[in-house]
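Asker: here is a sequence together with a model predicted from it:
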Amino acid sequence: DTGVSQDPRHKITKRGQNVTFRCDPISEHNRLYWYRQTLGQGPEFLTYFQNEAQLEKSRLLSDRFSAERPKGSFSTLEIQRTEQGDSAMYLCASSLGHVSLSYNEQFFGPGTRLTVL
Amino acid sequence: GQQVMQIPQYQHVQEGEDFTTYCNSSTTLSNIQWYKQRPGGHPVFLIQLVKSGEVKKQKRLTFQFGEAKKNSSLHITATQTTDVGTYFCAGGAAGNKLTFGGGTRVLVKP
C-alpha cells in the first residue's frame, strides 16, 4: 500500500498524559499536513510542512501541541498534558507542492482517533 | 480568518433524484477543492476548481466555481446509494492549507 499511513489508529489516554502520533506520507510528497476532526465537523487545519520546514501553524493550536518532520519524510504530532477537549480524529495528509503548480490535491491517511478520559 | 460555510448540513435524497449542495467563503479563494468522506472513512479528493466561473463534470457530479471565487456548488444527478457520505468543500489559500466547510451529509433513500 503506497498511501498515507498513520499510527496508532486508536489511542486512549488519561487526562494529563502525553501522546505522540506518527504519519508516513506518500514517499514522493514534499508537503505534509495535520488536521483535527471532531464528530460532525470538517477537518480543521493544525499545521503543515514543506520538506522538513514547518511553514504554518494554526493560531488555534495550543502550546501543548508540537509537530516535527525531522528528515522531511515521516512526521510526528505530540500532545502534552492531554485534556478531554483534545479527543478527536487526527488526520494527516500529504501532497506534492511546487510554487509553479496550483494543483494541490491532498491525500489523507486513515487518522488516529484519540480519546482522553 | 477565512470561514467556509456549507448548506445544507443534511441532505436526504430519494434514489434517482438530483440535489445540489452549496459552499460559501468569507474571502476570495485561490482555488476550491471538494472531498468526499464515507462513514468511518477519511476524506478523498474529488476535484479542484481554480478559475472564476469554472465548471467541471465527473460522470453524475457537476462542480461550479463562482464568478467572484467566493462560492461553489456540487450538483449530483440521479443519486445512487454509492453517493452516501459527507461532501466537504475546502477553500485553498496560496495552494497550501485548506479551510474546510462543515460538510453536507448525504443520505439516500432507496
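Answerer: Looks like it came in fine.
Asker: give the contact list for the closest residue in space to residue B:30 that isn't next to it in sequence.
Answerer: Nearest in space to residue B:30, with sequence neighbours left out and distances taken as Cβ to Cβ, 6 or more residues apart in numbering or on different chains, is residue B:92 at 5.5 Å. Every residue, glycine included, has its C-beta placed from N, CA and C. Contact partners of residue B:92, counting by Cβ atoms under 8 Å, 6 or more residues apart in numbering or on different chains, are A:104, B:29, B:30, B:31, B:32, B:33, B:48, B:98.
Asker: from those residues, which land in helices?
Answerer: Among the contacts of residue B:92, none falls in helices (DSSP state H).
Asker: surely residue A:9 meets residue A:114?
Answerer: No: using Cβ atoms under 8 Å, residue A:9 is not in contact with residue A:114; the gap is 10.6 Å.
Asker: tell me which two of the contacts of residue B:92 sit farthest apart.
Answerer: Greatest spacing in the contacts of residue B:92, by Cβ to Cβ: A:104 and B:29 (12.4 Å).
Asker: who has more neighbours, residue A:9 and residue A:114?
Answerer: In terms of neighbours (other Cβ atoms under 10 Å in any protein chain shown), residue A:114 is the more surrounded of residue A:9 and residue A:114; the figures are 20 against 12.
Asker: show me what contacts that one?
Answerer: Each residue near residue A:114 by Cβ under 8 Å, 6+ apart is listed here: A:11, A:12, A:13, A:19, A:21, A:79, A:82, A:86, A:87, A:88, A:89, A:90.
Asker: make it 10 Å
Answerer: Contact analysis of residue A:114 by Cβ atoms under 10 Å, 6 or more residues apart in numbering or on different chains lists A:8, A:10-13, A:19, A:21, A:36, A:79, A:82, A:86-90.
Asker: may I ask which of those residues has the most neighbours?
Answerer: For the contacts of residue A:114, the largest neighbour count, defined by other Cβ under 10 Å, is 24 neighbours, found at residue A:90.
Asker: which residues touch that one?
Answerer: Residue A:90 neighbours (Cβ under 10 Å, 6+ apart): A:6, A:11, A:19, A:21, A:23, A:34-37, A:43, A:46, A:65, A:77, A:79, A:109, A:111-114.
Asker: with residue A:94 instead?
Answerer: A:3-4, A:23-33, A:48-49, A:75, A:106-109.
Asker: separation between it and residue A:82?
Answerer: 25 Å (Cβ to Cβ, to the nearest Å).
Asker: do the same with residue B:43
Answerer: For residue B:43, the distance to residue A:82 - Cβ to Cβ - is 24 Å.
Asker: just residue A:69 next, same as before
Answerer: Distance from residue A:69 to residue A:82, by Cβ to Cβ: 22 Å.
Asker: and residue 83, what's its pLDDT?
Answerer: Chain wasn't specified; assuming chain A. If you check residue A:83, the pLDDT there is 97.
Asker: the chain in question should be chain B.
Answerer: Looking at residue B:83, its pLDDT is 97.
Asker: residue contacts, it?
Answerer: Residue B:83 is in contact with B:11, B:13, B:15, B:19, B:36, B:60, B:61, B:76, B:106, B:107, B:108, counting by Cβ under 10 Å, 6+ apart.
Asker: now swap in residue B:43 and tell me
Answerer: With Cβ under 10 Å, 6+ apart as the criterion, the residues that contact residue B:43 are A:35, A:37, A:42-43, A:91, A:93, A:106-108, A:111, B:33-37, B:85-88, B:90, B:98, B:100, B:103.
Asker: check chain A for the residue nearest chain B and tell me.
Answerer: Chain B sits closest to residue A:42 of chain A, with a gap of 3.3 Å, by Cβ to the nearest Cβ.
Asker: understood, closing this out.
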